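J.: From the sequence below, what's the structure:
(chains A and B)
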Amino acid sequence: MKKLPWLAAGCGLLFNLASAGADLPAARLIVKPLLCVIDREAGQCSMTFRIRWKSEAAAEYCLNDSALSTPLRCWPSAASGTHDQQRTVSEAFVYWLGAPNGTQRAAEVKIDVLRLDSQDRRRERRARHVWDVL
Amino acid sequence: MLRFIMRMTGNVFKIAALCGLASLAHAQADAPETARAASTVAVTPAPAPPPSRERSWRIGAAFGYGERTNPLIQSDDIPVLVDVDIAWFGKRWFFDNGDVGFTLFDRSSSTTSLVARVNDDRVFFGKTNTRYVNFAYAGNGFTTALPPPSTSGNGGPGTPGSQEPPPPVEVNPPDRDYAIEAGIESLLDGDWGAAELRAFHDVSGTHGGYEVSVHYSRRFTAGRLSISPTVGFSYKSAQMNDYYWGVHADEASDALPEYHAGAGFNLEGGLVTNYYLTRHLRFALSVNYERLADEIAASPLAEDDYVLAYFSGFAWTF
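T.: Just a heads-up that it's a prediction; the model follows:
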């Protein structure tokens, strides 16, 4: 059972590896949690993200938040790292690992936002049909 | 070749199932964690822009197991293994799983639409069986069901003085048609929850009746879990109830005495629970109980005085 998170992360890593830059060593980035659920009462999530990354070779990496213009943290010469970030979330964003100049991305992970409430209340019409039980 | 294809297909399913299970277990461990590393940074981005425009189409499907009981005599419960959700919402027009609507007013606290729909009571009459019941005249005005006839005996079956019972009577729930109904629907919501008010009348000349319903629901969300209890009632007119649940004169028999159903209230309560694994995938659990009006429950066509529906499974929304 302990291997299941790694297996799930591994499925996602296939995409992370594909986005690796040409000059930076390939890296994998693992972030938890990946989803923020927003409803009418709470317009945002207050979350603590645990971010881990590991690369094939030591290099200078910076961890970035797509909502911010400056890196969250940089590692001068490292092949792995961890970082925790408390954050409020109301829109989807991306954590990405890249070179300090920001031109290359070694890996990225998208944090999704799911809005349960809708601006169109017709979308929340009650299920009525005999086969529709949700 | 066929075995190879089947083996490959099986392997693909196994891998998909493994990844799905891993994602499920992984997602459950994704609850917000407390800060524990040395480098914890609090970041609050600038206020987010208003939500982007929603897509017009909503397409989804749920796979699992569920059932809706069938209160009709000699009928099977309705299994629900797949729950398909197809809807389209334009500025005025919309289509929602068979309902077609035109929005008249869309205000800050309510939306009112004209809606055409197909009545669902007919669905219960789609899974019926024919049975044969033996009846004997008891001599006091009542008929009594007897066991199936034996093959031996004196005289003709069912004849006076005969020891054999009369021939079995075919008991077959009558056919009913779908009705097209048109009406008005108001959706209201606020911090107090959401309400749906509906009034529909048959426009297809099937039953000629009407239905008025009121439902209230409120969704509670905690992390990835949402729970939505619902309560409500529907008032169905005598014409409507009698068409579906009455035993009409030309349908009456010893097994099904003539019956005319009057108007009445159906009461309903339900609970829908969703646990969101990803933005598109959720685990859903729902249960709904509807108490049928006394006028329906008393019908010879009604075996139960309730309809219970439940479902559990994974739902995907595209």
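
J.: switch to C-alpha atoms for all contacts and neighbour counts from now on
T.: OK.

J.: ranges for the strands of the stretch 101-250 of chain B?
T.: Assigned by DSSP state E, counting those that start in this stretch, the stretch 101-250 of chain B shows strands spanning B:110-118, B:131-137, B:143-146, B:169-171, B:180-190, B:193-202, B:210-217, B:220-222, B:225-236.

J.: Can you point out the buried residues in stretch B:107-122?
T.: Within stretch B:107-122, the residues scored as buried using 16 or more other C-alpha atoms under 10 Å in any protein chain shown are B:110, B:111, B:112, B:113, B:114, B:115, B:116, B:117, B:118, B:119, B:121.

J.: of those residues, list those near chain A.
T.: Restricting the buried residues of stretch B:107-122 to those near chain A by C-alpha under 8 Å from any C-alpha of the partner chain leaves residue B:111.

J.: Same list, the buried residues of stretch B:107-122, but as CSV with pLDDT please.
T.: As requested, the buried residues of stretch B:107-122 are exported to CSV (pLDDT from 0 to 100):
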residue, pLDDT
B:110, 96
B:111, 97
B:112, 98
B:113, 98
B:114, 98
B:115, 97
B:116, 97
B:117, 95
B:118, 92
B:119, 88
B:121, 87
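
J.: Let's have the buried residues of stretch B:107-122 in JSON lines, adding distance to residue B:100.
T.: Output for the buried residues of stretch B:107-122, formatted as JSON lines (distance: C-alpha to C-alpha, whole Å):
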{"residue": "B:110", "distance to residue B:100": "18"}
{"residue": "B:111", "distance to residue B:100": "15"}
{"residue": "B:112", "distance to residue B:100": "13"}
{"residue": "B:113", "distance to residue B:100": "10"}
{"residue": "B:114", "distance to residue B:100": "8"}
{"residue": "B:115", "distance to residue B:100": "6"}
{"residue": "B:116", "distance to residue B:100": "5"}
{"residue": "B:117", "distance to residue B:100": "7"}
{"residue": "B:118", "distance to residue B:100": "10"}
{"residue": "B:119", "distance to residue B:100": "13"}
{"residue": "B:121", "distance to residue B:100": "18"}
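
J.: Nearest to chain A among the buried residues of stretch B:107-122?
T.: Chain A lies nearest to residue B:111 out of those, by C-alpha to the nearest C-alpha, at 7.2 Å.

J.: which residue packs closest to that closest one, ignoring adjacent ones?
T.: Using C-alpha to C-alpha, 6 or more residues apart in numbering or on different chains and skipping residues adjacent in sequence, the residue nearest residue B:111 is residue B:187, 5.1 Å away.

J.: Distance of residue B:316 relative to chain A?
T.: Going from residue B:316 to chain A by C-alpha to the nearest C-alpha, to the nearest Å gives 12 Å.

J.: tell me which residues in the helix or strand that contains that residue are buried?
T.: Element membership of residue B:316 [criterion: DSSP states H and E] is strand B:306-317. Neighbour-count burial for strand B:306-317 flags B:306, B:307, B:308, B:309, B:310, B:311, B:312, B:313, B:314, B:315, B:316 (criterion: 16+ other C-alpha under 10 Å).

J.: tally of neighbours for the nearest residue to residue B:294 once chain neighbours are set aside?
T.: The shortest distance from residue B:294 to any non-neighbouring residue, by C-alpha to C-alpha, 6+ apart, is to residue B:264 (6.9 Å). Residues near residue B:264, counting by other C-alpha atoms under 10 Å in any protein chain shown, number 18.

J.: Pairing partners for residue B:264 in the sheet, please.
T.: Beta-bridge pairing for residue B:264 (DSSP bridges): residue B:236.

J.: What number of residues are in the vicinity of residue 85?
T.: Looking at chain A here, since you left the chain open. 20.

J.: switch to chain B, that's the one I care about
T.: 20.

J.: Quick check: it vs residue A:124, distance?
T.: Residue B:85 sits at a distance of 12 Å from residue A:124 (criterion: C-alpha to C-alpha, to the nearest Å).

J.: Correct me if wrong: the residue nearest to residue B:111 contacts residue B:197.
T.: Yes. Counting by C-alpha atoms under 8 Å, residue B:187 does reach residue B:197; the two are 6.5 Å apart.

J.: I appreciate the help and will end here.
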